[in-house]
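> build me a model from this:
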Amino acid sequence: MIKAFISIYRPRFAKTIVYMLQSTEYDLKAYLAWFWRTQNFANIMYRRTLDVTRRAEALLILLRIGLYTQTLVGVVITIIGIADNTTQYIYFGLALVAGAPVIWAHLIVLPIWLARVFIVVPKEKVMIRESEKTFTEFTGPKIAVAGSYGKTTMKELLYTVLSEGKKVAATPGNKNVLVSHARFAKSLDGDEDILIIEYGEGKPGDVAKFAGYTRPTHVVITGIAPAHLDQYKTLDAAAKDIFSVTQKVDPSRVYVNKTNATEPYIEKGYETYGISRALGWKISDVEVAITGTTFTMKKGKKRLELFTGLVGEHLLGPVAFAAALAHEFGLSDKQIIAGVAKTKPYEHRMQPYPLSGGWVIDDTYNGNIEGIRAGTQLLSKLPARRKFYVTPGLVDQGEETEQVHIEMGQLIAEANPDVVVLMNNSVTQYIEAGLRNKNYQGEVRIETKPLEFYTNLDQFIAKDDLILMQNDWTDNYA
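Now for the predicted structure:
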């Protein structure tokens, strides 16, 4: 308790507050909820560090000025009170000093709120209205990419392959909300052949709203898995929201990753893809290595021999789908082969890199149980002297948190790595239970300092070792 109280008076308190704001993406409600459930601010910012952007730097300066000014005023008033023997001045001065951290941790939200209400929101509304006109007037294919997972990877695959024969524009990074779509529309040259738009799903109604503004002509559903269940409550609710994008699209232009989770929502006329087939093309002769994957696609007398820089059989469906769609859009075999050859892992999504004579596969972008399934299957098949599996677990699993993490532990055990490294948090016990259920005999390490572990990874890996790191767990999760 004493340590928790003292932690708000540490020199880095201001930096911690800005870090908390940044980690919650300046969602003031989420930030304040995190602030009031935090028992020791010294334990914040041990998974990551502050990204010193211009906004963060400005807030940090403002916060420090406020803290130091209030503290100085409090000290001066206290000294005056002591000199004049005025009890009220002494108490008031001490209260100003003692309360400075808590007061300014709340006052700092005021400029953010004011800027959002009077500057950001009005500007965004204008931009969104203008973007609706841009999307409506665009006459070429507009491909919406939606799903619980794999959206950014699919978008990048489509962009890379289709760009071999068409002028394509795609929403950048994982920017997948309405204002991001509006900024994307504003950046267009006007002579594009194809637009690719990634849809996020933060809360019920989002996907339908995005479709209403962007007016897609084609839809790709990448998959359904537990995600954002703090908002959707059930997987069925999330699935229905995601599939709402299909309501005003020709069924023959709806493409769904056929899995157990998506099958109940696949309607007559929808096209499907998966690890064995994509839009009628059969996938065969698959060879997976740490540097990429080779495979063959056949349809009738057509045959394509392909190589992708992506690693793992679970990515064959998306890659093959991109190739198949490119064929439907009129790209030549040569263009398709060249486009697929240029595909590579997106940042923090099954991204391999060499380290200290071994290999690391970075799959630390927030994931889901399907990603765990794919990752553990890949780990079991790739050769290595020693294999390590590293994870903090999964976030936003709602009521399924315990069940999902027990299953996660079982999948890890089935992959049988030599060492399992778990970042200590509220779900660690469930992953351990899953490991025990499958009688895992390897070593289990519990890390209490994730940032220290990740920054010293080169001290952990040796020649011919393989480390798979899956998922992320920011400090605002317990």
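
> could you use CA atoms for every contact and neighbour count after this?
Noted.

> which residues touch Leu178?
With contact taken as Cα atoms under 8 Å, 6 or more residues apart in numbering, Leu178 is in contact with Ile128, Phe210.

> right, I mislabeled it, should have said Val427
In this structure, Val427 makes contact with Gly393, Thr401, Glu402, His405, judged by Cα under 8 Å, 6+ apart.

> quick one, strands of the stretch 151-300 of the chain?
Counting by DSSP state E, counting those that start in this stretch, residue ranges of the strands within the stretch 151-300 of the chain are 168-170, 194-198, 218-221, 254-257, 271-273, 277-278, 281-289, 292-299.

> for the shortest one, give the mean pLDDT please.
So the one you mean is strand 277-278. The predicted model assigns strand 277-278 a mean pLDDT of 94.

> now swap in the fifth one and tell me
Along strand 271-273, the predicted local confidence has a mean pLDDT of 95.

> what's that strand packed up against?
The elements that strand 271-273 packs onto, with contact taken as 3 or more Cα pairs under 8 Å, 6 or more residues apart in numbering; DSSP states H and E, are strand 254-257, helix 316-328.

> out of the contacts of Val427, which sit inside helices?
Thr401, Glu402, His405 (DSSP state H).

> let's verify the closest residue to the second one other than its chain neighbours: helix, strand, or coil?
It refers to Glu402. In this structure, Glu402 finds its nearest non-sequential neighbour in Tyr430, 5.9 Å apart by Cα to Cα, 6 or more residues apart in numbering. Classification of Tyr430 into helix, strand or coil gives helix, according to DSSP: H, G, I helix; E, B strand; the rest coil.

> Tyr430 - how many residues pack around it?
Counted with other Cα atoms under 10 Å, the burial measure for Tyr430 works out to 20 neighbours.

> list the contacts of it.
For Tyr430, counting by Cα under 8 Å, 6+ apart, the contacting residues are Glu402, Gln403, His405, Ile406, Gly409.

> of those residues, just the buried ones, PyMOL syntax please.
For anyone working in PyMOL, the buried entries among these, judged by 16 or more other Cα atoms under 10 Å, can be selected with:
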select buried, resi 402+405+406+409
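
> if I look at Tyr270, how far off is Lys258?
Distance check for Tyr270 against Lys258: by Cα to Cα, to the nearest Å, it reads 10 Å.

> turn the contacts of Val427 into TSV, including distance to Ala95.
TSV is the format used below for these (distance: Cα to Cα, whole Å):
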residue	distance to Ala95
Gly393	42
Thr401	43
Glu402	44
His405	46
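
> need the worst-confidence member of the residues you listed.
Sorting the contacts of Val427 by confidence puts Thr401 at the bottom, with a pLDDT of 89.

> got a list of what that one touches?
Val427.

> begin at 42, not 1, for the rest of this chat.
In the new count, where the first residue is 42, that last one comes out as Thr442.

> ok so, going back, closest to Glu484 out of the strands of the stretch 192-341 of the chain?
For Glu484, the closest of these is strand 322-330, at 25.9 Å, according to Cα to Cα.

> got a list of what Ala382 touches?
By Cα under 8 Å, 6+ apart, the contact set of Ala382 is Leu347, Phe348, Thr349, Gly350.

> turn the strands of the stretch 192-341 of the chain into CSV, including distance to Tyr306.
What follows is the strands of the stretch 192-341 of the chain, written out as CSV (distance: least, Cα to Cα, whole Å):
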stretch, distance to Tyr306
strand 209-211, 26
strand 235-239, 20
strand 259-262, 11
strand 295-298, 9
strand 312-314, 12
strand 318-319, 18
strand 322-330, 22
strand 333-340, 26
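
> which one of the helices and strands packed on strand 312-314 is the most hemmed in?
Each of those was assessed for mean neighbour count using mean count of other Cα atoms under 10 Å. The highest is strand 295-298, with a mean of 25.

> list the strands paired with that one, with their directions.
strand 259-262 (parallel), strand 312-314 (parallel) (DSSP bridges).

> give me whichever of these is most buried.
The highest average neighbour count among these, using mean count of other Cα under 10 Å, belongs to strand 259-262 at a mean of 25.

> restricting to C-alpha, output that strand in CSV.
This file holds the C-alpha atoms of strand 259-262, laid out as CSV (Å, rounded to 0.1, in the frame of the first residue of the first chain):
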residue,chain,number,x,y,z
HIS,A,259,-16.8,-7.2,-53.5
VAL,A,260,-16.5,-8.6,-49.9
VAL,A,261,-13.9,-10.9,-48.4
ILE,A,262,-14.6,-12.5,-45.0
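
> so which of the strands paired with strand 295-298 gets nearest Arg51?
Evaluated with Cα to Cα, the strands paired with strand 295-298 place strand 259-262 nearest to Arg51, the distance being 47.9 Å.

> for the closest one, the distance to its chain's centre please.
When C-alpha coordinates are averaged (Cα atoms, centre = their mean, to the nearest Å), strand 259-262 and its chain have centres 20 Å apart.

> which outside residues touch that strand?
By Cα under 8 Å, 6+ apart, the surrounding residues in contact with strand 259-262 are 182-188, 283-284, 286-287, 290-291, 294-298.

> report the contact partners of Glu183.
Residue 183: Lys, not Glu. With the criterion set at Cα under 8 Å, 6+ apart, Lys183 makes contact with Ile235, Leu236, Ile237, Ile238, Arg256, Pro257, Thr258, His259.
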